[in-house]
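>>> Give me a model of this one.
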Amino acid sequence: MGESTGKFEMFNNRLSKVWKHFSKSARRQQIACFRFYDHDLPEFPFAIEYLDGVVHAAEYKRRHGMEDDEHATWLEACKNIIAQIVEISPDLVYMKIRQRKAGRQGQYEKFDELKVEKIVQENGISFILNLTDYLDTGLFLDHRLTREMVKKECEGKKVLNLFCYTGSFSVYAASGGAAEVVSVDMSKTYINWAKRNMQFNKLYDDKKHFFIHDDVLEWMKDIPKNYFDIIVCDPPTFSNSKRMEGNFDVQRDHVALIKQLLKGCTETGTIYFSNNLRNFQIEREQIPALTVKDITAATTPFDFQGRLFRKCYLIEK
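Okay, here's the model as predicted:
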């Protein structure tokens, strides 16, 4: 018990330190949603995010050696420590177990049907989060700066958002005055969620904003040629969904994918391409583009510096 108490004290101390640091930076930058802990201690493998008054804490699944009852007690103790540090009720700390799955379809799996939703703000734009039912809440905080970057380039432009998830890039594009925004995703749940986000911000125009439920890779075979000014593409690392023919591996298949994206771009088109493969290497010499620029550092927010595996590239035709 003494060893366990010591470890909880270690977690408490670490959490207190990072919360103080990140919450101060967030207040200064007027950011309501940020990550403040990410697997900092091996014994406490959580990704913990503050979401404007509530906390979402996802435990990375690992062999912890605890029985189910013991693990539940441990989880409850962690929840109470988080609540105490952040100074909120434990009822406002939402805990999940984040099990790594082969393929992106794991992201679509439901944990629950509680539908606890919360509206949060990011750069003056509202997003609907679901705190209980899915692996992720509906907003990937690590792309906060990328979204703002895209928004600044969107006025009067035609924008394509592939693997759009809940449409955060689409909403940013619409708020930036895009002439047209096309959003494509394999999940009907997320396409509907993306449309709700657009509607909630009072931006939705059915003549300008199109939400397409389809296998992105299949849809891209008929991508309109030389049509889009800006394409945002954040594919899965690996996917073998039942709706796809064969499978997709981002390292193996990214060159073919980017070549298709370039076909869909206007002559002065821009592609924002990102992925979460830890050791991803872009095959620059294979990509027939004027510019392939690594913008990972420029798009990494303060709360993800030194703890982010995703890569981001700006590709200009």
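>>> going forward, measure contacts and count neighbours with C-alpha atoms only.
Fine.
>>> contacting residues for the residue lying closest to residue 141 once chain neighbours are set aside?
Distances taken as Cα to Cα, 6 or more residues apart in numbering put residue 34 closest to residue 141, at 6.6 Å, once the chain neighbours are dropped. For residue 34, the contacting residues are 22, 26, 49-51, 141, 303, by Cα atoms under 8 Å, 6 or more residues apart in numbering.
>>> Identify the structural domains in this structure and state their residue ranges.
Structural domains annotated on the chain: 2-100, 142-316, as defined by automatic domain parsing.
>>> backbone phi and psi for the residue nearest to residue 141, please?
According to degrees, to the nearest 10, the main-chain angles of residue 34 amount to phi -160, psi 160.
>>> From residue 236, how far off is it?
Using Cα to Cα, to the nearest Å, residue 34 is found at 23 Å from residue 236.
>>> before we move on, what about residue 67?
For residue 67 relative to residue 236 (Cα to Cα), the value is 33 Å.
>>> Over to residue 79?
30 Å.
>>> Looking at these two, which has the bigger crowd around it?
More crowded of residue 79 and residue 236, by other Cα atoms under 10 Å: residue 79, with 20 against 17.
>>> does that one really touch residue 93, like I thought?
Yes. Judged on Cα atoms under 8 Å, residue 79 makes contact with residue 93 at a distance of 6.5 Å.
>>> low-confidence ranges in this structure?
Scanning the chain for pLDDT under 70 picks out 1-3, 99-111, 241-245.
>>> And the helices in it?
For the chain, helices defined by DSSP state H occupy the ranges 2-29, 68-86, 105-108, 144-152, 168-175, 188-200, 216-219, 250-264.
>>> Quick check: which of these is nearest to residue 159?
Closest to residue 159 of the helices of the chain, according to Cα to Cα: helix 168-175, at 7.2 Å.
>>> Does the closest one pack against any helices or strands, and if so which?
On a contact count with 3 or more Cα pairs under 8 Å, 6 or more residues apart in numbering; DSSP states H and E, helix 168-175 meets strand 125-130, helix 144-152, strand 158-162, strand 180-185, helix 188-200.
>>> what comes up buried for the lengthiest strand in the chain?
The longest strand of the chain (DSSP state E) is strand 265-275. By neighbour count on 16 or more other Cα atoms under 10 Å, the buried set for strand 265-275 is 265-266, 269-275.
>>> Closest one of the residues you listed to residue 189?
Using Cα to Cα, residue 275 comes nearest to residue 189 of the buried residues of strand 265-275, at 21.5 Å.
>>> Okay, and the beta partners of the closest one?
For residue 275, the residues forming beta bridges with it (DSSP bridges) are residue 311.
>>> which residues sit in contact with it?
Going by Cα under 8 Å, 6+ apart, residue 275 touches 234-237, 250, 310-312.
>>> picking that back up, would you format the domains of the chain as TSV with distance to residue 126 included?
Below are the domains of the chain laid out as TSV (distance: least, Cα to Cα, whole Å):
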stretch	distance to residue 126
domain 2-100	11
domain 142-316	6
